[in-house]
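Undergrad: this one's structure only:
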Ligand SMILES: Cc1ncc(C[n+]2csc(CCOP(=O)(O)OP(=O)(O)O)c2C)c(N)n1
Ligand SMILES: Cc1ncc(C[n+]2csc(CCOP(=O)(O)OP(=O)(O)O)c2C)c(N)n1
Ligand SMILES: [Mg+2]
Ligand SMILES: [Mg+2]
């Protein structure tokens, strides 16, 4: 991802914002993969086949894929519980993600955490998500400070929801990033609800983006239904940060299609609102149609893609089920760096049944 | 205070913003009392005659007296360590304040806390100050919520410094007050320094007042050197809050004349800046001159006032020195309401020497 | 001001939680808490609730389902995600005569409001004499595969913060009686509900609206002669299970349920140890400086002469609560671990 | 970016703290900490400092006086009043290869950064395998008439937060050796300096830049046969004073200085109790679930057979630290209280 190919076609056609056919197809793959994964996992959860919790990001793939796509591999990403699609876009392997959901040793946290409380710092520079909102915002400042101090052309991106913006840490982190002109991109995934709380219960202003003024940084509000809009606006922010221009606040607007978590039927979301978004503002469908109408994909390629995604999922599922649980005796290991647990192969004797 | 006398004179002379001669003299008394108290206490501290710490508010009397003067007796005030002058203006008794400084039983906290960590909730509706910044901002929301819920025409005012605005609690409290349209007045005593940190290290915007936009509330920046400007701007905010118009952010600008606390020579404050403020922006001197030039006071009345203040101070000092220390055995009392310590007369057997 | 349409709500129909008892009139622990809250709100208009998603949604665990319809949005107040401010606001309203009950979505998020809890709320009265009748409620504890950020037991932190009363009931009746006492208490109270117990344990809970359980009083949940287990919360249930098995082996276990952590009922603990001369202190918070460290220390100092064996602590290790069932089971003391510990101790 | 003119600074002239030793080459505890910081910054450029007023001003207690002139504003970074973000930033920089040392102006304000400390910093490695070499330094403790918000001992909170190492040195040499070890350690460390000791205690502190004190090792500060006092921080000094008096009465006291709270050196504690059979656990944090509760519990469980008397705890009561000298003296264990406790115990 991330390399902006400026081929002739790309330059000629404005709609593709500089992206090549391969990149556009890659984006479609990511969008569809995230969607499919989300749907299948929810189904497994409902069947009682998945332990723990799930936080669906459905309807927000335009935000998740769009904000992450401009990042380089060595840029860092600090997401929340809702942003698994962003982590997948940054490069997490489906197999290990699924092993994580089932509490297996091959999960990124070796079974220590579940579901989207995941990350792969050494691999993809993604933060192992914590629940407390928005606890990673200040941490992103620290990563960005490191890049700036060493003069590295790297960027830290943090994502949180609309609800998390009311929390004090959000203010502190934005303020500090502006004072020290840190290379950060602040993303707010405004899906209009914080659990059951709609935007007006979270902040008194019409948009979150306008709050950027209070930190003297650019603030941009984009439509999360259009992945390329998100990509372009974020791309500018990423470039600016990389070039020493300091932080930007991006508010990407969508709607949370599902409940807060698997157990929540979200009756508090007005039906018409939900229907409007599902029918008219589906970021995956929209993008597929855009590519179809511009001849980048057709029935055959889309079918191939869907089948590939299904295979990827089945492969991940299989892998996860066969991955053993951690060894019970290892529960006390890896608290301290010096015990070497995290730098050695973990015990795999936990079996696959509990 | 607080009753806005609209007599003929007051109406005719704009400069006096509706205040009567008596009120103007009262304000002068408060300004001078706070100044005198601050100077004398610092001298005693330097002589080693005062235990603990002192936080001088010198140079900021225009802010402290100006913001509090519009409050009614049953409005509440949530200040910080620097705002003893605001508490004095709200009505704390000098005697008990001084007993507090010397750790005596007649201090407002019965010796449990020192210096400006003071308050008199039952009496003057002032918060017993805590250090952690700005910990009372959220608490002010709660008091305001109570007034609103009961339909009482009362207002909560919270004060903090410029530095405290960078803290997360500041954001949370402003945001919540706006969402719930609470009758609060948020005051920022911008004395240009947070300990050694100048404004640009605390926030990236030129003024704090403009941050009010991020909370959709009015934001006003006033010159703390002019007590009547502060009074008027705050008065409007207080009236608006009382009338159900919600919160306002007031930034009153001055300079901290002394160090952060008694031990700090504040070498980090540029000399010229300090001299400019001390010579040209002394709120006490300015106001005295204003009243003199308008014939409200003259040499005689000012001299009388100064003498009265000296007497008040000496009386307080005497009282404090003669007030006994708390009884050591009472240290464990008054943690729980039901032990009755705070509703009964405290033991006075601690003696006046330690 | 943000207003909410109740129509959109999923919070029930304003019916009393008592209607949620089962056909035998038994209430789950969760329903018992709801009953206690409801009754106190009926009784005293100064009582109001605030927290995240407690109104229209009825709370993450549905404890306050139906409350907003009955008591209105002012008394069942949805707030933004601002734990510091939720606590601060509760304190401010309490100082002005209300009796706020704040819900944390999980006890884990009490660390997000820590300063307002331990600095502002806990210490205000001792320094000012102003009562601060605030209750902080939160679902705590593990055993439900919820991993590190949804399974924490914060009671040791708060027990070490003078000025807070701390309760951790294990049974529906105690939960109801204690939440009511907490609301009527003039001091700040931290009321920790155990989410593993929420829907697992039922009882015929008293219906008398003035039924209270005193704060600071432990209860003997099972009498025995041989070994005392001092515990609270989820672990009490494990202790009782273990006691059954051990009884069959001829070991007669006494199980003390502390119910309150602060004040700690040292009298009850010491009375039991005086009888049995052997004590296992069983708790769910991390072993190091978990609540049991206080209990064991009290026994070691005050009951030294009656002890026939070491004071044994049984508790999870000092690591974050892990997610994987394999790990969480290894983390939490299991019934068999308790049996082993008691066997060893009684053979001392 | 906010830039500062160093001319305005009052922070010294970039001279090594070693120059602040007295004529006999003795360093105060404060200077010893400064030496440790300085040496590690010279040794490893990944080490940097951040916190409030540590740069131009040199720190509230002047520990970092002169540092900004030597190491520059990037490595001695003044921050706004944002404890949560100071800790979070330190963690982020550590994840990217730095070794940040954050100063809290007072340990009391660690509660203002509590979530980032106990949730983010403490738990990150156990869940991700990513090392987080961060040191949090803070002046803690009372005895200086600074009242509730400038006298707190937060070590029990952090000792109950798995993933943090916790140190509370009592002597200049230990302070220097431990701050250096903490900076070189790959885990998050909470390093609590005692402000009462800062300028009161001096020693000939080692000058070898690789002199270290191991984390997790206690030290016998005074050998004795009759009674063990286990303590740390300011109370160690009181214990040593009491031991002098008691020696004249023929009671031979052994004083164990824990130095580290996590990991706790249980071996050293048990070895001493095995010898003396009597233990007083003396500490400055509130009695209830203060550090001594863990120590006493360990003794009660592991040293039961060697004990000839109850394990006695001596600690302040469970109330906020009061200001008035009359009250603070009643709050803190005094040397005479220690003498009394030991006398009573040795007569058991
Ligand atoms: C500090 C804190 N308080 C409460 C919670 C519980 N909680 C988890 S998600 C959530 C709602 C978050 O809303 P938003 O920020 O909009 O993110 P979304 O879930 O919509 O993506 C809440 C309240 C939390 N995680 N952290
Ligand atoms: C949360 C917190 N961190 C640190 C401190 C230590 N401290 C006390 S006053 C102060 C500076 C405050 O500056 P400002 O808010 O501008 O108020 P001023 O003292 O200038 O009136 C600091 C850092 C504190 N009281 N609270
Ligand atoms: Mg949301
Ligand atoms: Mg200031």
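TA: Done, it's in. What you see is a predicted model, and the numbers here were worked out from it, not measured in a lab. Numbers count the residues shown, from 1 in each chain, chains lettered A, B, ... in the order given. Ligands and ions are numbered 1, 2, ... in the order given.
Undergrad: Tell me which residue in chain C sits closest to ligand 3.
TA: Among the residues of chain C, residue C:81 lies closest to ligand 3, at 9.8 Å counting by CB to the ion. In this view, the C-beta of every residue, glycine as well, is placed from N, C-alpha and C.
Undergrad: Looking at that residue now. What's its pLDDT?
TA: Per-residue confidence at residue C:81 stands at 98 (pLDDT).
Undergrad: Give me the secondary structure label for residue 236.
TA: The chain I'm using is chain A. helix (DSSP: H, G, I helix; E, B strand; the rest coil).
Undergrad: Sorry, I should have been clearer: chain C.
TA: Per three-state DSSP, residue C:236 ends up helix.
Undergrad: And it, how close does it get to residue C:170?
TA: 4 Å (CB to CB, to the nearest Å).
Undergrad: Of those two, which one has the most company?
TA: Neighbours of residue C:236 and residue C:170, each counted by other CB atoms under 10 Å in any protein chain shown, are more numerous for residue C:236; the result is 30 against 25.
Undergrad: Spell out which residues sit in contact with that one, please.
TA: Residues counted as contacts of residue C:236 (CB atoms under 8 Å, 6 or more residues apart in numbering or on different chains) are C:170-171, C:221, C:255, C:257.
Undergrad: so residue A:32, which of the three states?
TA: Reduced to three states with three-state DSSP, the structure at residue A:32 is helix.
Undergrad: which residue sits closest to it, ignoring its sequence neighbours?
TA: Using CB to CB, 6 or more residues apart in numbering or on different chains and skipping the chain neighbours, the partner closest in space to residue A:32 is residue A:309 (5.6 Å).
Undergrad: Can you verify my assumption that that neighbour contacts residue A:30?
TA: No. Counting by CB atoms under 8 Å, residue A:309 stays clear of residue A:30, with 10.0 Å between them.
Undergrad: Have a look at those two and say which one is more surrounded.
TA: Using other CB under 10 Å as the criterion, residue A:309 and residue A:30 rank with residue A:30 on top: 25 against 20.
Undergrad: any idea how far that one lies from chain C?
TA: Distance, residue A:30 to chain C, by CB to the nearest CB, to the nearest Å: 26 Å.
Undergrad: Wait, that residue touches residue A:87, no?
TA: No. Judged on CB under 8 Å, residue A:30 makes no contact with residue A:87 at a distance of 11.3 Å.
Undergrad: In which helix or strand does the residue nearest to residue A:32 reside?
TA: Assessed by DSSP states H and E, residue A:309 sits inside helix A:299-322.
Undergrad: buried stuff in that helix?
TA: By neighbour count on 16 or more other CB atoms under 10 Å in any protein chain shown, the buried set for helix A:299-322 is A:302, A:305, A:309, A:312-313, A:316-317, A:319-320.
Undergrad: and the residues you listed near ligand 1, which?
TA: Checking the buried residues of helix A:299-322 against ligand 1 by CB under 6 Å from any ligand atom, not one of them is in range.
Undergrad: Using CSV, please lay out those residues together with pLDDT.
TA: What follows is the buried residues of helix A:299-322, written out as CSV (pLDDT from 0 to 100):
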residue, pLDDT
A:302, 98
A:305, 98
A:309, 98
A:312, 98
A:313, 98
A:316, 98
A:317, 98
A:319, 98
A:320, 98
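Undergrad: nearest to ligand 2, of the residues you listed?
TA: Closest approach to ligand 2 among those (CB to the nearest ligand atom): residue A:320, at 44.6 Å.
Undergrad: got the domain boundaries for chain C?
TA: Domain assignment for chain C by automatic domain parsing gives C:17-204, C:219-346.
Undergrad: Pick the most buried one from those domains.
TA: domain C:17-204 (a mean of 24; mean count of other CB atoms under 10 Å in any protein chain shown).
Undergrad: Straight-line length of that domain, end to end?
TA: In domain C:17-204, first residue to last residue: 14 Å (CA to CA, to the nearest Å).
Undergrad: Same check on stretch A:266-275?
TA: In stretch A:266-275, first residue to last residue: 13 Å (CA to CA).
Undergrad: do stretch A:210-229 as well
TA: End residues of stretch A:210-229 are separated by 18 Å (CA to CA).
Undergrad: near ligand 3, which residues of chain A show up?
TA: Contacts of chain A with ligand 3, taken as CB under 5 Å from the ion, map to A:161-162, A:191, A:194.
Undergrad: ok, which stretches of the chain are strands?
TA: Here I'm looking at chain A. Using DSSP state E, the strands of chain A run over A:76-78, A:156-161, A:184-190, A:193-194, A:197-198, A:219-223, A:248-253.
Undergrad: Switch to chain C, please.
TA: Here chain C has its strands, by DSSP E, at C:27-28, C:47-51, C:76-78, C:99-103, C:135-140, C:165-167, C:189-194, C:202-203, C:219-222, C:227-231, C:253-257, C:260-262, C:279-282, C:312-314.
Undergrad: Reformat those as TSV; add distance to residue A:241 and mean pLDDT.
TA: Rendered in TSV, the data for the strands of chain C read as follows (distance: least, CB to CB, whole Å; pLDDT from 0 to 100):
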stretch	distance to residue A:241	mean pLDDT
strand C:27-28	51	98
strand C:47-51	37	98
strand C:76-78	36	98
strand C:99-103	38	99
strand C:135-140	38	98
strand C:165-167	46	99
strand C:189-194	42	99
strand C:202-203	56	98
strand C:219-222	59	98
strand C:227-231	53	98
strand C:253-257	56	98
strand C:260-262	48	98
strand C:279-282	52	98
strand C:312-314	51	98
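Undergrad: what's the closest of those to residue B:336?
TA: Across those, residue B:336 has its closest neighbour in strand C:165-167 (8.0 Å, CB to CB).
Undergrad: Say whether chain D is contacted by that closest one.
TA: No. Against chain D, strand C:165-167 shows no contacts by CB under 8 Å from any CB of the partner chain, the least distance being 10.2 Å.
Undergrad: So what are the sheet partners of that strand and their directions?
TA: Using DSSP bridges, the strands paired with strand C:165-167 are strand C:189-194 (parallel), strand C:260-262 (antiparallel).
Undergrad: now those in CSV, with distance to residue B:107?
TA: Listed next are the strands paired with strand C:165-167 as CSV, based on distance: least, CB to CB, whole Å:
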stretch, distance to residue B:107
strand C:189-194, 29
strand C:260-262, 28
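Undergrad: Just flag the most distant two among the residues of chain A next to ligand 3.
TA: The span of these, defined through CB to CB, is set by A:191 and A:194 at 8.7 Å.
Undergrad: tell me, what's touching the two both at once?
TA: Shared contacts of residue A:191 and residue A:194 (CB under 8 Å, 6+ apart): A:161-162.
Undergrad: Stretch A:106-116 vs ligand 1: in contact?
TA: No. Judged by CB under 6 Å from any ligand atom, stretch A:106-116 makes no contact with ligand 1; its nearest approach is 10.3 Å.
Undergrad: so how far is that stretch off the chain centroid?
TA: How far stretch A:106-116 lies from its chain's middle: 17 Å, per CA atoms, centre = their mean, to the nearest Å.
Undergrad: before we move on, back to that, let me have the domains of chain C in JSON lines, extended by distance to residue A:153.
TA: Putting the domains of chain C into JSON lines (distance: least, CB to CB, whole Å) gives the following:
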{"stretch": "domain C:17-204", "distance to residue A:153": "34"}
{"stretch": "domain C:219-346", "distance to residue A:153": "35"}
